[in-house]
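Asker: Sequence and computational prediction follow.
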Amino acid sequence: MTANASQRIKSGDAEIFYWTVGDGPPVVLLHPFPAHHEFWNPVAETLAARYRVILPDLRGHGESGVGEGPATMEKHAADILGVMDDAGVGRAPMVGVSIGGYVLFELWRRQRGRVAALALCNTKAAADGAEARAGRLQAASDVMERGVEPFFESMIPRLLGKSTRESRPDLVEGALRMMRKMSPEDVAQVQRGMAARPDSMDTLKTINVPTLLVTGDEDILTGVNEAELMRQHIPASELRVIAKAGHYAAWEQPAEAARILRQFMDRI
């Protein structure tokens, strides 16, 4: 897929990069941690037949700078609104995986008028508990001390489903390649920002746009239980489970993810 040339904007204290591909009504796709916009390339290729797909690198990921201090959800949301302004997008369906979902909850609280529909993929609404928060802060100090490689290696079994790890070494290698764009500082500040994110359970019942929930049947981080919990709290939302896929479901099974998203977009 040949995305149009990258664009860059200044957002607060960071430079944020984004790519666009295709023509038609806009749709914004937000990748998970610790990947970048290329996570979406196989899916974007399918959507680009009918949509103008906007692919940002979240702050601290890929080409985008991390800025000063923790990469909070407030900063990420402001970055994405800046990208939409720069791309001339008033209102669009928005898709977010994992941290991308956390950013969309924040964006919804700030500027729900910009959100035409939501696809929340492999994510959850609850804030980190004490243990998860401590784990993130520990990971942040570990990468500053020991570098990122041990961290990325330890993330693979958590991010990619068993089926993918056993049968698709190319996808494992591709995931690691995306991760390696992040510096220790990037990983640390993004982790600190996620540790500090607000709880979004109360936000769920305010969501009144078409909402699709997607997860993988092998996602051990935010699997079917988390998706089902969101489905119960978001009025008229629907849930789809992708088989043989973990936390990176859209990367692991892009044809199925593209089909589900395309169906959802076409309908709204």
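Answerer: Yep, it's here.

Asker: All the strands of the stretch 51-200 of the chain, residue numbers only.
Answerer: 52-56, 92-97, 115-121 (DSSP state E, counting those that start in this stretch).

Asker: Tabulate those strands in TSV, adding columns for distance to Ala14 and mean neighbour count.
Answerer: To be clear about C-beta, it is placed using only N, CA and C from the backbone, and glycine gets the same treatment. As requested, those are arranged in TSV below (distance: least, Cβ to Cβ, whole Å; neighbours: other Cβ atoms under 10 Å):
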stretch	distance to Ala14	mean neighbour count
strand 52-56	12	26
strand 92-97	19	25
strand 115-121	22	25
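
Asker: closest one to Ala44 among those strands?
Answerer: strand 52-56 (4.5 Å; Cβ to Cβ).

Asker: Parallel or antiparallel, list what pairs with that closest one.
Answerer: Strand pairing for strand 52-56, determined by DSSP bridges: strand 14-21 (antiparallel), strand 26-30 (parallel).

Asker: So for Arg192, which of the ones you listed sits nearest?
Answerer: Using Cβ to Cβ, the nearest of these to Arg192 is strand 14-21, at 14.8 Å.

Asker: tell me the most buried of the strands paired with strand 52-56?
Answerer: strand 26-30 (a mean of 26; mean count of other Cβ atoms under 10 Å).

Asker: Dump the strands of the stretch 51-200 of the chain into CSV; add mean pLDDT as well.
Answerer: Below are the strands of the stretch 51-200 of the chain laid out as CSV (pLDDT from 0 to 100):
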stretch, mean pLDDT
strand 52-56, 98
strand 92-97, 98
strand 115-121, 98
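
Asker: And the helices in the stretch 101-250 of the chain?
Answerer: 130-146, 149-159, 162-167, 169-179, 184-195, 201-204, 224-233, 249-252 (DSSP state H, counting those that start in this stretch).

Asker: Export these to a markdown table and append columns for mean pLDDT and distance to Asp85.
Answerer: Shown next, in a markdown table, are these (pLDDT from 0 to 100; distance: least, Cβ to Cβ, whole Å):
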| stretch | mean pLDDT | distance to Asp85 |
| --- | --- | --- |
| helix 130-146 | 98 | 30 |
| helix 149-159 | 98 | 31 |
| helix 162-167 | 98 | 36 |
| helix 169-179 | 98 | 26 |
| helix 184-195 | 98 | 22 |
| helix 201-204 | 98 | 23 |
| helix 224-233 | 98 | 28 |
| helix 249-252 | 98 | 26 |
